[in-house]
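# This is the structure alone, sequence omitted:
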């Protein structure tokens, strides 16, 4: 059982090879900083993030990683050099542009929600509200014409 997210390892949607490939691909998308302040995207638990926020993308990710393995022609993606991995990642983005675009978007969303990243950026981790941030009161009388309209349904 994976003690970080309480998932039984056999229930994980990715094989060990696919996990290594995903970690290497995520590291190519966002590598760690030279000074160690910023973690790599591979340090995030993207699969747990996807299972919680975008479970419909998980099968697409599995297919994309299978396509990546096919592009490697008998080699393991994680064992390739950084330039070779970048080249194959670019090829994957051409072969499966939608999958790669969604992977990139989810990677960024997962990455920039992590407390380690926020601290590395000099921000305070956690939600922005209610840390003393206030919303200015607006003139709600401006909504009166909308309230007076009859109900509309599409």
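It's in. Just so you know, these numbers come straight off a predicted model, no measurement behind them.
# Return the residues in contact with the residue nearest the centre of the chain.
Closest to where the C-alpha atoms of the chain average out (CA atoms, centre = their mean) is residue 107, at 2.2 Å. Residue 107 sits next to 26, 29-30, 41, 44, 46 when contact means CB atoms under 8 Å, 6 or more residues apart in numbering. All C-beta spots, glycine's among them, are computed from the backbone N, C-alpha and C.
# so which of those residues comes closest to residue 102?
residue 46 (11.6 Å; CB to CB).
# Tell me where the model's unsure across the protein.
For the chain, the stretches with pLDDT under 70 are 1-10, 130-133, 135, 154.
# Do you have the helices of it handy? List them.
16-29, 46-53, 58-71, 82-95, 97-111, 115-120, 144-148 (DSSP state H).
# List of residues touching the fourth one?
Think helix 82-95. Contacts of helix 82-95 (CB under 8 Å, 6+ apart): 24-25, 28-29, 64, 67-68, 71-72, 77, 80, 99-101.
# I'd like the distance between residue 125 and residue 30.
Distance, residue 125 to residue 30, by CB to CB, to the nearest Å: 18 Å.
# Which of those two has more residues huddled nearby?
Between residue 125 and residue 30, residue 30 has the larger neighbour count (other CB atoms under 10 Å), namely 20 against 12.
# Can you give me every residue that contacts the nearest residue to that one once chain neighbours are set aside?
What sits nearest to residue 30 in space, not counting adjacent residues and going by CB to CB, 6 or more residues apart in numbering, is residue 41, at 3.7 Å. Taking CB under 8 Å, 6+ apart as the criterion, residue 41 is in contact with 26-27, 29-31, 107, 110-111.
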